[in-house]
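In: could you work out the structure for the sequence below:
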Amino acid sequence: MTPPSSPPLSIIIIGAGFAGLTAAIECHRKGLTNLVLFEKSPSLSPLGDIISFGQNSSRIFTNWGNLPDLLSPIIHKADQVHFHDSSGRFVTTQSFKEEHLAWGERINGHRGEIHSLVYSHALSLGIPIRLGVTVTKYFETPSHAGVVTSSGEAHTADLVIAAEGVRSKARTLILGEEDHPLPSGYAVFRSWFPTPLSFFSSPLTSHLVSRGDTHNAWIGTDVHFLAASIKNGKEISWVCTHVDTSDISESWQFPGSKPAALSLLQNWDPVVKELVKATPEERLFDYKLVFRDPLPTFVSPEGRTILVGDAAHPFLPTSIQGASQAMEDGVVLAVCLDRIKGDGTKVKEAVRVWEGLRYERVHRVQKTGVTTREQWHKADWDVIWKEPEVLHLKREGWILDFDSERDAEERYERVREGLVKEGRL
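Out: I've put the predicted structure just below:
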């Protein structure tokens, strides 16, 4: 007699951000379709501002049907950034043409618009996404994991993937105690809005919008300001990282204050101040950058619950890799779950190997956010005027010229054998 086959691996994903959606889509690609995704927001509106995906994650979109074609009309097209000092003096231009030819295209655009396309793609695959579901508790046993929602319902599966951001309640299960995000000492004014018609004729601003998409940076002491025009100059996005001491006990995103931003930038280039003045009040936010100490593990004691994306490793914006690393998490996890052929009894092996593939890389990339910020905020201008390239973003092949799916396929067995030798499997 043929023995009965085991039921398909069941998966619960919490959070419909880029980490959760990528995990769901990639698992579906591997045939792991017994999954459900819970998202606390009752609706997913196209909110936010600029987000960046390096070549290491833009290659992931190419596996998702016609998504690259849908993204093309809404993404930033400039392939260089112009650096200035805070007074507006031009310093240097960094071109990205060579890396585009060698590694592929980056994707920069409006977070909400890109997210809407990814979300729609997940729905088109038939992935069940339940909106308006708030998780209040995580739990697990040696044989399953689960969550309890605000309605009192309990849901169980072979594996729970916590992708709900830096305040995920699953962190308490992983750590054995509650931890809290800490202020980093910095915040970011950020905005995105339709370009005012006056910008196209004003001598101060026409160069930002009348020549197609542009990207400019202004560097000052403990402050940097980045501005990008997009959709052939029809929309403007800007971000300004600055020192901050505000409390984050309740929330770390607040309505921004134009007077506060202008006061911070009072001696800066008039172009920068014009961008702030033109910003609609309701489109300005002051986002408090938070950090957490690196976790000793992303996996729960029973190996049935894992953290991905910001829940596991929050990134500073200056890393330009937060969303990319979240997507890599989902891709690598799907490879590892595929290797156990949907066997629920081998989940611990899959997630431990996944962690082994991700842990060192993600923390190495994380450190680049601080390095880049300090490179700009603590700049020695005597050196910079002699060597302007000091301001250039570090574009490293080990980060960007990287195929996370292929790497996971090639290294799975090696990492698994190492864990066995260490007595961790």
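In: when you work out contacts or count neighbours from here on, use the C-alpha atoms and nothing else.
Out: Will do.
In: look up how far Glu39 lies from Leu128.
Out: Wrong residue type there; residue 128 is Pro, not Leu. Separation of Pro128 from Glu39 (CA to CA, to the nearest Å): 11 Å.
In: list of residues touching the helix or strand containing Arg59?
Out: In the assignment (DSSP states H and E), Arg59 maps to helix 55-61. Helix 55-61 is touched from outside by 67-68, 103-107, 324-325, 327-328, 399-404, with contacts defined as CA atoms under 8 Å, 6 or more residues apart in numbering.
In: how about stretch 24-41?
Out: By CA under 8 Å, 6+ apart, stretch 24-41 touches 8-16, 20, 122, 125, 127-135, 330-331, 333-335, 337-338, 342.
In: in strands only, show me the residues you listed.
Out: Using DSSP state E, the subset of these located in strands is 11-14, 129-131, 135.
In: if we can go back for a sec, give me the more crowded residue out of Pro128 and Glu39.
Out: Glu39 (22 against 15; other CA atoms under 10 Å).
In: give the helix, strand or coil label for Glu360.
Out: Assigned by DSSP: H, G, I helix; E, B strand; the rest coil, the conformation of Glu360 is helix.
In: start to end distance for stretch 227-234?
Out: So stretch 227-234: terminal residues 13 Å apart, CA to CA.
In: and Val351, how far is that from Ala16?
Out: 20 Å.
In: tell me the domain ranges of this structure?
Out: 11-78+110-179+293-421, 182-291 (automatic domain parsing).
In: which stretch among those domains comes nearest Ser87?
Out: domain 182-291 (4.5 Å; CA to CA).
In: mean confidence for the closest one?
Out: Across domain 182-291, pLDDT averages out at 90.
In: what's the end-to-end length of that domain?
Out: 5 Å.
In: buried subset of the contacts of helix 55-61 as a ChimeraX selection?
Out: To isolate the buried members of the contacts of helix 55-61 in ChimeraX, using 16 or more other CA atoms under 10 Å:
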select :67,68,103,104,105,106,107,324,325,327,328,399,400,401,402,403,404
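In: which of the contacts of helix 55-61 fall within helices?
Out: Residues of the contacts of helix 55-61 located in helices (DSSP state H): 67-68, 103, 324-325, 327-328, 399-400, 404.
In: so, low pLDDT: which residues of the stretch 251-400 of the chain?
Out: Scanning the stretch 251-400 of the chain for pLDDT under 70 picks out 251-253.
In: could you pull out the helices in it for me?
Out: For the stretch 251-400 of the chain, the helices defined by DSSP state H, counting those that start in this stretch occupy 258-264, 270-277, 322-339, 347-377, 381-384, 397-400.
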